[in-house]
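A.B. asks: got a predicted model here, sequence first, then my questions.
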There are 2 protein chains.
Amino acid sequence: MKNNVLSFNNVYISDSSAIVGKKEYEGPIGESFDAYEQDEYFGCKSFEEAESEMVRRNLNLLLGKANKNFDDIDIIMGGDLINQCTVSSFAVCGEKVPFLGLYGACSTIIEAIINASVFIDGGFVNTAIGMASSHFCSSERQYRFPLEYGSIRTPTSQHTVTGAGAVLLTKERSEISVKGAVIGRIVDKGITDANNMGAAMACAAVDTIKRFFNNSNMCPEDFDIISTGDLGIEGHSIAREMLNLEGIPIGNNFTDCGMLIYDKKKQDTHSGGSGCGCIASVLCGHFMKMLNKKEIKNILAVGTGALLNPNSVFQQRNIPAIAHAVHISAEV
Amino acid sequence: MKNNVLSFNNVYISDSSAIVGKKEYEGPIGESFDAYEQDEYFGCKSFEEAESEMVRRNLNLLLGKANKNFDDIDIIMGGDLINQCTVSSFAVCGEKVPFLGLYGACSTIIEAIINASVFIDGGFVNTAIGMASSHFCSSERQYRFPLEYGSIRTPTSQHTVTGAGAVLLTKERSEISVKGAVIGRIVDKGITDANNMGAAMACAAVDTIKRFFNNSNMCPEDFDIISTGDLGIEGHSIAREMLNLEGIPIGNNFTDCGMLIYDKKKQDTHSGGSGCGCIASVLCGHFMKMLNKKEIKNILAVGTGALLNPNSVFQQRNIPAIAHAVHISAEV
């Protein structure tokens, strides 16, 4: 498949679910999420436990919608932004389901959907859950400053989404299928500003979108929506310009989950949303509902991840990025 | 495959490589590694960059042995212990090969081999590299204390291996094949002592080994070696006792990479080696050489990972663990 598009023949998404925090619920697409929680602690003692509790609830919600329980699931794949992906492992701990931890920064839900599709289409499992999450408070503490410092944010900075998304993938036919995917390559264009990750990720998104259209028989107009994960307003405009320069005629169907989830004017979120939970909740909540209602037929979801940690920024290293893309279709 | 064994028909390991640090080279199996480096900085400015440089060198060594270059590789999968897996992403950055980041703590090389085998056996790629690494100095700084503090270690503590391992998996027939695997479940038996991770991981190793033998037509005597990743002396004796209690008749072929890599008496490494690089270097160096020379025919390699971070320990949460197992065979 060298650099090219993976095709899947029998991979379906039977159900999906998304839980978010209060701010995300109050945003323009708040009604499309399955549930939200007022309390940023989700009833727990720490923000990290809160994020695990959010993921746990979301998994139970998914299984409830599917009328299944953990015993019916062959494998769970997913990850998060917290060091050593502990949010995901604590959330799944004790459920006795085989688990593969993935790390693709904010692209993780797409990495999980692709990886699960390979397991299903290859005949290795029948059912798989793909999941990812982020939490504003646990991310702020780990990547930036404790919330109590009240630090001022730069105009290009983004707001980490408190949200979890999950999909149930099966080989049993249903109305929504996973058609194809492109696995990302790590791209480093010399960006070093950790408050402008949209710019770093835009380069990776363009690389992946270009590879998809250059190696498939599809063109941008075949999609109702082509959405990146969390480039934000700044990164989105960079990506659009780069795609045009590359000769990919991208139109009004090109958007970004980080731009959709908050109201820039009313919600003080600067360049938009970010974090694993951004595309995870918007895809598994908002877009999946549109697919289910046949409001859209084809979406190219492009998860975008900035591959940094606070230490690599202190050490003045560049911010490489990666983008994984998946084609999800409601066409029978 | 619910809780059971995955079987592979056409997955081969054509080449493998392992690079270690000075201490690992001076250990009992030091001669079996492909290369070692005297300088713990690997010529770089920081320990984190050093670890990336070690991984980069090891990938080049692997490709050199295989007489291939990055253009011949369909996908690279792997990870490390450093926050947000930045060691692996910086090492691969710029190579233009699709990359999937994995996180299975110290079990990551086995997770990578299993995941790559699914991609190959499912017909999605022809060639894949699985890799993992750890570095004593970058791990000490991140998980424990800066080296300069000279902190005293407890008797059950382990020494993080400076080492990187990688394998080249192909669908083209070669003498060594990947026959089967068990994907781990997250096990939490209430262990909270971060200086006794062997005990936490022993429970996960036993769960996985038991599932392998209860769901395959093989028994422990069919293997020349059954080796866990980094239980260390303490964890190994716990695992052996638990397996006997579970009715799995494990014999002298049961060992642990963390016990093999250092000389306990001469090298002051307490309970043994640990880290992603432990089983990665011992499997890709020592065991693969034994398979190539037909000194052994069948090995069950059981990667073991403790799913903690320093913060989860401060918050007094338990230490869950996971173990992934892969059956590698030199039988034609």
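C.D. replies: Nice, thanks for sending it over. Numbering: from 1, shown residues only, chains lettered A, B, ... in the order given.

A.B. asks: close to chain B, is stretch A:321-332?
C.D. replies: Yes - counting by CB under 8 Å from any CB of the partner chain, chain B is contacted by stretch A:321-332 at A:Ile322. Bear in mind the C-beta positions are built from the backbone N, C-alpha and C, glycine included.

A.B. asks: do stretch A:129-136 as well
C.D. replies: No - Stretch A:129-136 does not reach chain B (CB under 8 Å from any CB); its nearest approach is 12.3 Å.

A.B. asks: same question, stretch A:42-58
C.D. replies: Yes - under the criterion of CB under 8 Å from any CB, chain B is reached by stretch A:42-58 at A:45-46, A:48-49.

A.B. asks: dump that stretch to PDB, restricted to CA.
C.D. replies: Extracted in PDB, the C-alpha atoms of stretch A:42-58 (Å, rounded to 0.1, in the frame of the first residue of the first chain):
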ATOM      1  CA  PHE A  42     -17.200  14.300  36.500                       C
ATOM      2  CA  GLY A  43     -17.700  13.500  40.200                       C
ATOM      3  CA  CYS A  44     -14.100  12.400  40.700                       C
ATOM      4  CA  LYS A  45     -11.200  13.700  42.800                       C
ATOM      5  CA  SER A  46      -8.800  14.700  40.100                       C
ATOM      6  CA  PHE A  47      -9.000  15.900  36.400                       C
ATOM      7  CA  GLU A  48      -7.200  12.700  35.300                       C
ATOM      8  CA  GLU A  49      -9.800  10.500  37.000                       C
ATOM      9  CA  ALA A  50     -12.500  12.700  35.600                       C
ATOM     10  CA  GLU A  51     -11.300  12.100  32.000                       C
ATOM     11  CA  SER A  52     -11.200   8.300  32.700                       C
ATOM     12  CA  GLU A  53     -14.700   8.500  34.100                       C
ATOM     13  CA  MET A  54     -15.900  10.400  30.900                       C
ATOM     14  CA  VAL A  55     -14.400   7.600  28.700                       C
ATOM     15  CA  ARG A  56     -15.900   4.900  30.900                       C
ATOM     16  CA  ARG A  57     -19.300   6.500  30.700                       C
ATOM     17  CA  ASN A  58     -19.000   7.000  26.900                       C
END
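
A.B. asks: got the domain boundaries for chain A?
C.D. replies: Listed by automatic domain parsing, the domain ranges of chain A are A:6-170, A:177-329.

A.B. asks: let's have these in a markdown table, adding mean neighbour count and mean pLDDT.
C.D. replies: Shown next, in a markdown table, are the domains of chain A (neighbours: other CB atoms under 10 Å in any protein chain shown; pLDDT from 0 to 100):
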| stretch | mean neighbour count | mean pLDDT |
| --- | --- | --- |
| domain A:6-170 | 23 | 96 |
| domain A:177-329 | 23 | 96 |
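
A.B. asks: what about the ones you listed, which gets the closest to B:Leu102?
C.D. replies: domain A:6-170 (6.2 Å; CB to CB).

A.B. asks: quick one: A:Phe287 is in a helix?
C.D. replies: Yes - applying DSSP: H, G, I helix; E, B strand; the rest coil, one finds A:Phe287 inside a helix.

A.B. asks: wait, it touches A:Lys297, no?
C.D. replies: No - judged on CB atoms under 8 Å, A:Phe287 makes no contact with A:Lys297 at a distance of 11.8 Å.

A.B. asks: looking from chain B, tell me which residue of chain A is nearest.
C.D. replies: Of all residues in chain A, A:Gly122 sits closest to chain B, at 2.3 Å by CB to the nearest CB.

A.B. asks: now do A:Met218 against A:Asp121, distance only.
C.D. replies: Separation of A:Met218 from A:Asp121 (CB to CB, to the nearest Å) stands at 19 Å.

A.B. asks: same check, this time on A:Leu308
C.D. replies: Going from A:Leu308 to A:Asp121 by CB to CB gives 33 Å.

A.B. asks: with only the CA atoms kept, save stretch A:312-323 in PDB.
C.D. replies: Output in PDB follows, covering the C-alpha atoms of stretch A:312-323 (Å, rounded to 0.1, in the frame of the first residue of the first chain):
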ATOM      1  CA  SER A 312      10.700  18.800  23.500                       C
ATOM      2  CA  VAL A 313       9.400  22.400  23.400                       C
ATOM      3  CA  PHE A 314      11.800  23.500  26.200                       C
ATOM      4  CA  GLN A 315      14.600  21.800  24.300                       C
ATOM      5  CA  GLN A 316      13.700  24.000  21.300                       C
ATOM      6  CA  ARG A 317      13.000  21.100  19.000                       C
ATOM      7  CA  ASN A 318      10.600  21.400  16.100                       C
ATOM      8  CA  ILE A 319       7.000  20.200  16.200                       C
ATOM      9  CA  PRO A 320       6.500  17.400  13.800                       C
ATOM     10  CA  ALA A 321       2.900  16.400  13.000                       C
ATOM     11  CA  ILE A 322       0.900  13.500  11.500                       C
ATOM     12  CA  ALA A 323      -2.500  13.200   9.900                       C
END
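
A.B. asks: quick one: distance of it to the chain centre.
C.D. replies: In terms of CA atoms, centre = their mean, to the nearest Å, the centre of stretch A:312-323 is set 20 Å apart from its chain centre.

A.B. asks: for stretch A:296-308, same thing?
C.D. replies: Chain-centre distance of stretch A:296-308: 7 Å, with CA atoms, centre = their mean.

A.B. asks: quick check: the farthest pair among the residues of stretch A:42-58 next to chain B?
C.D. replies: The largest separation in the residues of stretch A:42-58 next to chain B, counting by CB to CB, is between A:Lys45 and A:Glu48 at 9.4 Å.

A.B. asks: overlap in contacts of the two?
C.D. replies: Applying CB atoms under 8 Å, 6 or more residues apart in numbering or on different chains, one finds that A:Lys45 and A:Glu48 are jointly contacted by B:Gln315.

A.B. asks: if I've got this straight, A:Ala301 is in a strand?
C.D. replies: Yes - with three-state DSSP as the criterion, A:Ala301 is assigned to a strand.

A.B. asks: surely it is in contact with A:Asp224?
C.D. replies: No - the criterion here is CB under 8 Å, and A:Ala301 misses it with A:Asp224 at 11.8 Å.

A.B. asks: shared neighbours of the two, which are they?
C.D. replies: In terms of CB under 8 Å, 6+ apart, A:Ala301 and A:Asp224 are not both contacted by any residue.

A.B. asks: how about the residues of the stretch 201-332 of chain A near chain B?
C.D. replies: Checking the stretch 201-332 of chain A against chain B by CB under 8 Å from any CB, the hits are A:307-312, A:315, A:317, A:320, A:322.

A.B. asks: just give me the closest of those to B:Asp72.
C.D. replies: The closest of these to B:Asp72 turns out to be A:Ile322 (CB to CB; 20.9 Å).

A.B. asks: and the helix or strand that closest one falls within, how far out from the chain's middle?
C.D. replies: Assigned by DSSP states H and E, A:Ile322 belongs to strand A:321-329. Remark: strand A:321-329 is offset 9 Å from the chain centroid, using CA atoms, centre = their mean.

A.B. asks: by contact count, what packs against that strand?
C.D. replies: With contacts defined as 3 or more CB pairs under 8 Å, 6 or more residues apart in numbering or on different chains; DSSP states H and E, strand A:321-329 has these neighbours: helix A:108-121, strand A:177-182, helix A:197-214, strand A:298-306.

A.B. asks: isn't A:Leu168 right up against A:Asn58?
C.D. replies: No - shown here, A:Leu168 and A:Asn58 do not form a contact pair, counting by CB under 8 Å, at 11.6 Å.

A.B. asks: still on that earlier bit, dihedrals phi and psi, the residue of chain A closest to chain B?
C.D. replies: phi -80, psi -10 (degrees, to the nearest 10).

A.B. asks: can you pull the contacts of it?
C.D. replies: With the criterion set at CB under 8 Å, 6+ apart, A:Gly122 makes contact with B:118-119, B:121-124.

A.B. asks: any idea how far it lies from B:Ala204?
C.D. replies: Counting by CB to CB, the gap from A:Gly122 to B:Ala204 is 25 Å.
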